[in-house]
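Participant: Predicted model, plus sequence, below.
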Amino acid sequence: MEIIVDELTGPEITALIREHLKGMFESSPPESVHALDLTGLKQPEITFWSAWDQGELMGCGALKELDASHGEIKSMRTAAGHLRKGVARRLLAHIIEEAKRRGYSRLSLETGSMAAFDPAKRLYVGFGFQECGPFSSYAPDPNSLFMTLEL
């Protein structure tokens, strides 16, 4: 698997982000969806990666700089044909290493609190993330679970 910085211009990544947003709106009320569209992901404070295997897109993930010591994981998604192959695990490890390289002391994320998000929650807990309160501009939301990892 090759993980690259992605400029979000290819048809494969466009389709995966579209699938990601569709899934978020199917699983959460609209006011609780915090996933970013392509325009939102192209902001200068966000680095976006895609994972590939022999020309096939396997998944994606992003890191948003909240401040000089705090980053946020965004847009973690595994392509449907590559679920349970370790794609998310590899991407998350890559993002955590990049956060450490940047000197962040904390990495946080928001995910859904519903059962549909249980695999994501297990992944994050497995990496040492712990539940926390809302961070950055998030407000308390019963449909959101906030997690953080001290680096």
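Facilitator: Perfect, I can see it now.
Participant: Look at the closest residue to residue 33 other than its chain neighbours and say how many residues are nearby.
Facilitator: Counting by C-beta to C-beta, 6 or more residues apart in numbering, residue 24 is the residue found nearest to residue 33 once chain neighbours are left out, at 4.7 Å. Backbone N, C-alpha and C define where each C-beta goes, glycine included. Each residue near residue 24 was counted by other C-beta atoms under 10 Å, and the total is 19.
Participant: what about residue 24, which SS state?
Facilitator: Three-state assignment for residue 24 (DSSP: H, G, I helix; E, B strand; the rest coil): helix.
Participant: Could you double-check that it lies in contact with residue 36?
Facilitator: No: applying C-beta atoms under 8 Å, one finds residue 24 not in contact with residue 36, separated by 10.0 Å.
Participant: Now for those two: what residues contact both?
Facilitator: Between them, residue 24 and residue 36 have no joint contacts when contacts are counted by C-beta atoms under 8 Å, 6 or more residues apart in numbering.
Participant: how about the residue nearest to residue 33, what does it touch?
Facilitator: Contact criterion C-beta under 8 Å, 6+ apart gives 33, 35, 112 as the residues in contact with residue 24.
Participant: ok, so of those residues, who is nearest residue 64?
Facilitator: Each of the contacts of residue 24 was checked against residue 64 using C-beta to C-beta; the closest is residue 35, at 12.2 Å.
Participant: just to revisit the earlier point, let's have the contacts of residue 24 in CSV, adding pLDDT and distance to residue 137.
Facilitator: Compiled in CSV, these are given as follows (pLDDT from 0 to 100; distance: C-beta to C-beta, whole Å):
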residue, pLDDT, distance to residue 137
33, 95, 15
35, 93, 15
112, 95, 18
